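Asker: this one's sequence-less:
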C-alpha cells in the first residue's frame, strides 16, 4: 500500500495492480457503512416490520403457535379500553410532562449556579454525574428503601419537618409522583450537563452590552441568556421526553411488572411489556406498541417544529 | 430560580463599573450584599451536591449495616460496619457469575459496536450522509419492547434465547447508536487535509484512515467505548427477557432480590452497591469523556 508512488496520485486513476486495496478505496463509502447497515437492517428494520405485521394478528401464548390475521381488531380493542389503555396513556403523559418541566427548570437553575468557575467545581461536576451513570434498577432499589413507609429515611425526614408520614411508592395516589421524583433525581444532571455545555458556547458580547446599558441580572437572563440558550434547552427537552416516555427500569424495580396491585404506576411501556412477556399476548402487545410509537412520533414532531420555530425567531 | 440567577450574575458584575446599578445602594448595604451573595451561592451549591449524593451515601451506608441497624433511625450514622451483606451477595446469592455475565455482554457489545460503528461514522462524516443522523435518533425513539417481541420470536426459532450471543446482539442496539453519534461528531471535527496529505504521500484511503485518522480519533473512540459499556452494563430490559439462569446480568439478578417474601434490605443495598460502584468509578476517572459523550450532539442544534 505504501509503495504507491506520488505519480499514482497524480495519475487520473489508481494503479490497477494493487487489487483489493484499490477496490476498497473506490468503494470506501460502501465498505465502511455496509456492515453497520446490514446489522441495522437485520436486527432493527426487519424486527420492527415484523412487529407491525404481528399487530394485525392474534399471535399469543407461544411463539410457535400458528396465528390468524385479525385486521384492526387489536387496535380497536386498545382504543376502546378505558380500564388499562387510556389510564396508562394518561399516566405516561403526566409522568413525561411533569418530569420534563421539573427537570428543565431545576436543570437550568443548577446550570446557572455552576456556570462561573469556583473552587471545587470539578468535584461538584463529578458528584452530579453520579446519579446519571448509576444503574437504574439499583437506583430504584435504593429509593425503595429510602421511601419504605415504616423504616425509610423519607418519613423520618417528614417527621423532622413536622409533617405526617406518606406511603410514597406503596401508595396508590403517591406512587407515580414518587417515581417522577426518582426520575428527576436521576436525570436532572443530564439537563445540567447539556445546558452547561450550551452555556459555555454562548457569546459574551450581548451580555456585556446589556450590562453596560444598565440591564439588571434578571433582565439579562430573560432577554439575552434564555433566548440564546433556547436551542440547547429544546435539544435537552427532546432527549429527556423521549427517555421519560419510555421509563421502564425504575417502575419495574419498585412496582413490579403490573405497575402495582392497582396498576397505579402502569405506563404504556409497562403495559406493553406486561401484555407481551407477562400475558404472552404478542399480537395485542404489538398493536399497543404501534400506538405508543405513534404518540412518541407525534410529540417528537411537535417538539421539533417548536424548536425550528424558536431557532428562526 | 430567581435567587440563584441573581447570585450568579451579581458575582460576575465588575464592582467598579460606574454604570452598575449597585452603585446606587449605600456602601454598607453593598458590602453586606457582596459578602452575603457568595455565601448564599456556596450554600446553594452544597445543597445541590447533597441532593444528588446523599441518597447514594444512604445506600452505601445501608450496605454495611445489619438489617436491625437499617430499621433503627437511631443507628443512622452510629453503627458498626459489617461485611455480612456482601457475604450474602457473593455467598448465598452467588453474584460473581452475574458480574462476569455483565462484563462479557458489555465488552462484547462494546467491541462489536466499535468495529461496526467507527468506520460507519467515518463514512457518514466524510460522505455527509444526512439520513444517518435521523437513523441514530430513530434508534433512540423506538421502544425496546417493540424490538424484544420479534427478537424473542427470532431467537426462539434458532435456539438462542438465554445465550450470550442473543444478549450481545441486542445490547448492540443500545451501544452502536451511541458510538455512531459520538464518532460522527468527532470525525467532522478532524480536518480532511490530514487524510489528503497522507494520500498524496502514497497511502491508500484505508491506509490513511487506519494510520492517520484513527490515531487522532482515539479520544473519541475512548469516549464512545466508555459510554457504550456503561449503557450496556446498566441495561435491564433485554436481559430480563433474553437471559436465563446462567447468562443473567446484574440488573436482572438484583430485580430478583425483591421477589422473596421479606426483603433483605442489607443484601439488596449491598447488591446495588456492587452494581453501581464500577460505573461510578469509571465516571470518576473518565469524567471528561463521559460528559463529552453524554452531551455530544445535543449542543450542536
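Answerer: Received, thanks. Only a predicted model underlies this, so the values are computations on that prediction, with no experimental measurement involved.

Asker: How is chain B partitioned into domains?
Answerer: B:2-63, B:94-295 (automatic domain parsing).

Asker: Need these in a markdown table (columns: mean pLDDT, distance to chain A and mean neighbour count).
Answerer: Any C-beta I mention is one placed from the backbone N, CA and C, and that applies to glycine too. Shown next, in a markdown table, are these (pLDDT from 0 to 100; distance: least, C-beta to the nearest C-beta, whole Å; neighbours: other C-beta atoms under 10 Å in any protein chain shown):
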| stretch | mean pLDDT | distance to chain A | mean neighbour count |
| --- | --- | --- | --- |
| domain B:2-63 | 69 | 3 | 15 |
| domain B:94-295 | 90 | 4 | 20 |
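
Asker: Could you provide those in a markdown table, with additional columns for distance to residue A:262?
Answerer: A markdown table is the format used below for those (distance: least, C-beta to C-beta, whole Å):
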| stretch | distance to residue A:262 |
| --- | --- |
| domain B:2-63 | 27 |
| domain B:94-295 | 18 |
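
Asker: nearest to residue A:125, of those domains?
Answerer: Residue A:125 lies closest to domain B:94-295 among those, at 7.0 Å (C-beta to C-beta).

Asker: Need phi/psi at the closest residue to chain B within the stretch 101-250 of chain A.
Answerer: Closest contact between the stretch 101-250 of chain A and chain B, by C-beta to the nearest C-beta, is at residue A:217 (3.1 Å). Dihedral pair for residue A:217: phi -60, psi -40, per degrees, to the nearest 10.

Asker: Tally up the residues packed near it, please.
Answerer: 20 (other C-beta atoms under 10 Å in any protein chain shown).

Asker: Could you do residue A:76 as well?
Answerer: 12.

Asker: do the one 4 residues further on as well
Answerer: Residue A:80: 9 surrounding residues under other C-beta under 10 Å.

Asker: Find the residue at the geometric middle of chain A.
Answerer: residue A:243 (1.5 Å; C-alpha atoms, centre = their mean).

Asker: which stretch of helix or strand covers that residue?
Answerer: If you go by DSSP states H and E, residue A:243 is part of helix A:226-245.

Asker: Would you mind identifying the next helix or strand past that helix?
Answerer: As assigned by DSSP H and E, the chain's next helix or strand after helix A:226-245 is helix A:249-255.

Asker: so what does that next one touch, helix or strand wise?
Answerer: Other helices and strands packing on helix A:249-255, by 3 or more C-beta pairs under 8 Å, 6 or more residues apart in numbering or on different chains; DSSP states H and E, are helix A:136-146, helix A:175-200, helix A:268-273, helix B:250-255.

Asker: The same query, at a cut-off of 10 Å, please.
Answerer: In terms of contacts (3 or more C-beta pairs under 10 Å, 6 or more residues apart in numbering or on different chains; DSSP states H and E), helix A:249-255 is packed against helix A:136-146, helix A:175-200, helix A:268-273, helix B:237-242, helix B:250-255.

Asker: Of all these, which one comes closest to residue B:168?
Answerer: Across those, closest to residue B:168 is helix B:237-242 (C-beta to C-beta), at 10.1 Å.

Asker: still on that earlier bit, any idea how far residue A:104 is from the nearest residue to the residue nearest to the centre of chain A once chain neighbours are set aside?
Answerer: Sequence neighbours aside, residue A:187 is the residue nearest to residue A:243 in space, at 7.2 Å (criterion: C-beta to C-beta, 6 or more residues apart in numbering or on different chains). Distance, residue A:187 to residue A:104, using C-beta to C-beta, to the nearest Å: 11 Å.

Asker: Next, show the common contact partners of the two.
Answerer: Common contacts of residue A:187 and residue A:104 (C-beta atoms under 10 Å, 6 or more residues apart in numbering or on different chains): A:236, A:240.

Asker: more neighbours, those two?
Answerer: A count of neighbours by other C-beta under 10 Å puts residue A:187 above the other of residue A:187 and residue A:104, at 24 against 19.

Asker: wait, what's in contact with the more buried one?
Answerer: Residues near residue A:187 by C-beta under 10 Å, 6+ apart: A:99-100, A:102-103, A:107, A:131-132, A:136, A:236, A:239-240, A:243-244, A:247.
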